[in-house]
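Visitor: Any chance you could fold what I've pasted below:
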Amino acid sequence: MARFFQPKKKTQIDTKHQSMKVEKLDHQGVGIAYSSGKPVFIEGALPNEQVLVQLTESKSKYARANLIKVQTSSDERVKPFCPHYEQCGGCNLQHLEESAQLKYKQQALSGLMRKFAGQTLELASPITGESLGYRRRARVSVMLDKKTRKLQFGFRRKQSKQIVTVTNCPVLDSDLNAMLPGLYQLLQGFSHQEAIGHVELVKGDNTKVIVLRHLKPLSSKEQQQLENFASDNQATLYLMPQTDRLDLVLGEEANYQEVGATIPFAPNNFIQVNQVVNQKMVAQALDWLELESTDHILDLFCGLGNFSLPIAKQVQSVIGVEGVEAMVEKASQNAHLNLIDNVSFYQANLEQDMSSMAWASKKFDKILLDPARAGASGIVDQLANLGARRVVYVSCNPATLARDSQSLLEQGYQLQKLGMLDMFPHTGHLESMALFVMGSAK
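Guide: Next up, the predicted model:
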C-alpha cells in the first residue's frame, strides 16, 4: 500500500500579550520565565520582574518571547548608557547594574559546573577591567541599502542581518571610536559603496589599525583618501581585496605587551578583545600553574604565544601547539623577536589523537589550554597520559568547560580553583579559568 507524505500541521503560536514573572537569567543573560512548567526565554528581562511579553517561538520543551513592557521593575535595572542599545546587537546586558552582571555571570558559571560536572566550589575573585572603552578590536559592518541608497555603517541589529548605523560606540577603545565618524563620511563618497565588505579596527600598543575589505578595486583617488585618513589618525592601513589576502599599504605592524614579552600580530590574527583583562588573566594563569625553573610546560591552542612567551621566561621549556599553521609561524617569529629560545611551536589538529606526535612523546609537568568555544573535546581525554600534575583550563564557553571537566575528573584530576573573567562587560558572554590538580597534589 502506498504511503503519502503528510506534513505536520504547524502549531499556531498564541501571539496575545501575556504577563509573566521572570525567575532567573540563563548563562547568556536572557531572562527565563515559566508558563505551564515550560521555560520561556525573554531577552531584556531580569529576575523578579513582572513583564508583558509576546511569544515568537513555541517548542515542546521551551518558548521564546519578545519583551513588550516591564510591569514591575527589578531594583537592579538601570538605564542603558548607549543610545543604540535597543537596536544594536553588540551588547545585551546594559540594562543590568554592573555589580549584578558580575553576580549573575558567577552564578551561571557555578550552576553549569554543578549541573554538568558535579562540582561545587567557592569561586575566586572575578577578574575585571574597565566597563567602557575596553574593546581593542571591532568589525564594523558596511552595506548599501538597496531601497534608500544610503550607506549603513555600524553593527548588526539584534537577531537580524540589518545594520544599525553607529558612529559612537561607548565600549570601543576611545582612539578607535574617534575614527568612526570620519571613516563613515569618507566611505559615503566612494563610487562603489555596494562593494565595501566591512571595516576592521584594531588597537595595538604602538599603532591603530584600519582594514578595509573591498570587493572591487578602489580608484587611485579613493585609496589616496584612505591613506590620508590613516596618516592623519596615525594609523596603519591594510586593504583586503580577497578574504585570504592582506595588503599593508601604510604604517607598521601592530603589537602589544604581555608580561614582559612583545607580541606582534596581523589584524586577522586572534587576540583577546580586552587587553586589561587579558593581562590579568595571563598573570593569574601563571600564578595558578605555580611555575618552577625546572618545569616543562605544554600550551595547547597557543595562538600567537599569549601565554607561551610569558611562561617561557620562568621555566625550562615550553611546547606550544596550535591548529592554524600561520599562527604557529607567527608565534615562532614572536619568540625570536623576544630572544626566547626555550619555546617551540607546532601545528596539529587538536581534535585528533596526538599520541603519534613527536612533541607528545615527552612528559610535561604542567599544561595550559585555551580552546575556542567548541572546547577541547578529544584532546582533553589524553592529558593525564602526559604526566602533568597541574592543568589550567582557560575557557570562553562555560558549557564546554563543564563538559570537558568531566573527563579531567575521570582521569584523576581534582578541581581546585575556579574563577570568572569578565572579558566582555555588558554582554552575557563570560570567560573562566579552572585549575585541576592531579590526585591530592598541592
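Visitor: Strands of the stretch 251-400 of the chain, residue ranges please.
Guide: Listed in chain order, the strands of the stretch 251-400 of the chain (DSSP state E, counting those that start in this stretch) span 254-258, 261-265, 296-300, 317-322, 343-347, 366-369, 390-395.
Visitor: And the helices in the stretch 101-250 of the chain, which stretches?
Guide: With DSSP state H, counting those that start in this stretch as the criterion, the stretch 101-250 of the chain has helices at 174-177, 180-187, 220-232.
Visitor: Now the ones you listed in CSV, please, with extra columns for mean pLDDT.
Guide: Putting these into CSV (pLDDT from 0 to 100) gives the following:
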stretch, mean pLDDT
helix 174-177, 98
helix 180-187, 97
helix 220-232, 97
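Visitor: ok so, going back, would you list the strands of the stretch 251-400 of the chain in TSV and tack on mean pLDDT, mean neighbour count and distance to I127?
Guide: The C-beta positions use only the backbone N, C-alpha and C, and glycine is treated the same way. Listed next are the strands of the stretch 251-400 of the chain as TSV, based on pLDDT from 0 to 100; neighbours: other Cβ atoms under 10 Å; distance: least, Cβ to Cβ, whole Å:
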stretch	mean pLDDT	mean neighbour count	distance to I127
strand 254-258	92	20	15
strand 261-265	93	20	19
strand 296-300	97	25	19
strand 317-322	97	24	23
strand 343-347	96	20	25
strand 366-369	98	24	16
strand 390-395	98	24	11
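Visitor: Need those in CSV (columns: distance to Q242).
Guide: Shown next, in CSV, are the strands of the stretch 251-400 of the chain (distance: least, Cβ to Cβ, whole Å):
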stretch, distance to Q242
strand 254-258, 21
strand 261-265, 20
strand 296-300, 31
strand 317-322, 23
strand 343-347, 23
strand 366-369, 33
strand 390-395, 33
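Visitor: so N206 sits right up against T262, yeah?
Guide: No. Contact criterion Cβ atoms under 8 Å: N206 and T262 do not qualify, at 9.1 Å.
Visitor: Need the residues touching each of the two.
Guide: N255 (Cβ atoms under 8 Å, 6 or more residues apart in numbering).
Visitor: follow-up on the earlier one: how about the helices of the stretch 101-250 of the chain, which one is nearest Q352?
Guide: Smallest distance to Q352 across the helices of the stretch 101-250 of the chain (Cβ to Cβ): 38.4 Å, for helix 174-177.
Visitor: what does the closest one rub up against?
Guide: Applying Cβ under 8 Å, 6+ apart, the set of residues contacting helix 174-177 is G133, R135, R136, R137, A138, N168, C169, P170, L201, V202, K203, K208.
Visitor: Could you report the neighbour count for the nearest residue to the last one once chain neighbours are set aside?
Guide: So the one you mean is K208. Among residues not flanking K208 along the chain, A235 sits closest, at 4.1 Å (Cβ to Cβ, 6 or more residues apart in numbering). Neighbours of A235 under the rule other Cβ atoms under 10 Å: 21.
Visitor: on that earlier part again, among the contacts of helix 174-177, which ones are in strands?
Guide: R137, A138, L201, V202, K203, K208 (DSSP state E).
Visitor: Looking at these, which one is closest to E258?
Guide: K203 (14.6 Å).
Visitor: what bits of the stretch 1-150 of the chain have low per-residue confidence?
Guide: In the predicted model of the stretch 1-150 of the chain, residues 1-11 satisfy pLDDT under 70.
Visitor: Would you enumerate the residues in contact with L386?
Guide: For L386, the contacting residues are L298, A360, K362, K363, F364, I367, by Cβ under 8 Å, 6+ apart.
Visitor: Kindly apply the preceding question to N92 instead.
Guide: Q28, G29, V30, E43, G44, K158, H426, T427, G428.
Visitor: The first one - that's part of a strand, no?
Guide: To tie it back to what came earlier, the one meant is Q28. No. Counting by DSSP: H, G, I helix; E, B strand; the rest coil, Q28 is not part of a strand but coil.
Visitor: thinking in terms of the whole chain, how far from its middle is stretch 397-414?
Guide: The chain centroid and the centroid of stretch 397-414 are separated by 20 Å under Cα atoms, centre = their mean, to the nearest Å.
Visitor: so for it, what's the average pLDDT?
Guide: Mean per-residue pLDDT for stretch 397-414: 94.
Visitor: Flag every buried residue along that stretch.
Guide: For stretch 397-414, burial by neighbour count (16 or more other Cβ atoms under 10 Å) applies to 397-405, 407-408, 411, 413.
Visitor: want to throw those into TSV with distance to P241?
Guide: Output for the buried residues of stretch 397-414, formatted as TSV (distance: Cβ to Cβ, whole Å):
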residue	distance to P241
N397	34
P398	39
A399	38
T400	36
L401	39
A402	43
R403	41
D404	40
S405	44
S407	44
L408	45
Q411	48
Y413	48
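Visitor: among the residues you listed, which are in helices?
Guide: P398, A399, T400, L401, A402, R403, D404, S405, S407, L408 (DSSP state H).
Visitor: Distance check, the first one against V391.
Guide: Right, the one you point to is P398. 17 Å (Cβ to Cβ, to the nearest Å).
Visitor: just S355 next, same as before
Guide: 18 Å.
Visitor: can you check S361 too?
Guide: 19 Å.
Visitor: Then S308?
Guide: 16 Å.
Visitor: what's the answer for Q382, then?
Guide: 12 Å.
Visitor: What about the residue most central in space within the chain? Give its phi and psi, please.
Guide: When Cα atoms, centre = their mean is applied to the chain, the residue found nearest the centroid is C396 (6.3 Å). For C396, the backbone dihedrals (degrees, to the nearest 10) come out as phi -100, psi 10.
Visitor: pLDDT value on the residue lying closest to it once chain neighbours are set aside, please?
Guide: Residue nearest to C396 in three dimensions, not counting chain neighbours: E431, with 5.0 Å by Cβ to Cβ, 6+ apart. For E431, the model assigns a pLDDT of 94.
Visitor: Then K442?
Guide: Reading off the model, K442 has pLDDT 45.
Visitor: same question, Q352
Guide: So, for Q352, pLDDT stands at 83.
Visitor: That concludes my questions; thank you for your assistance.
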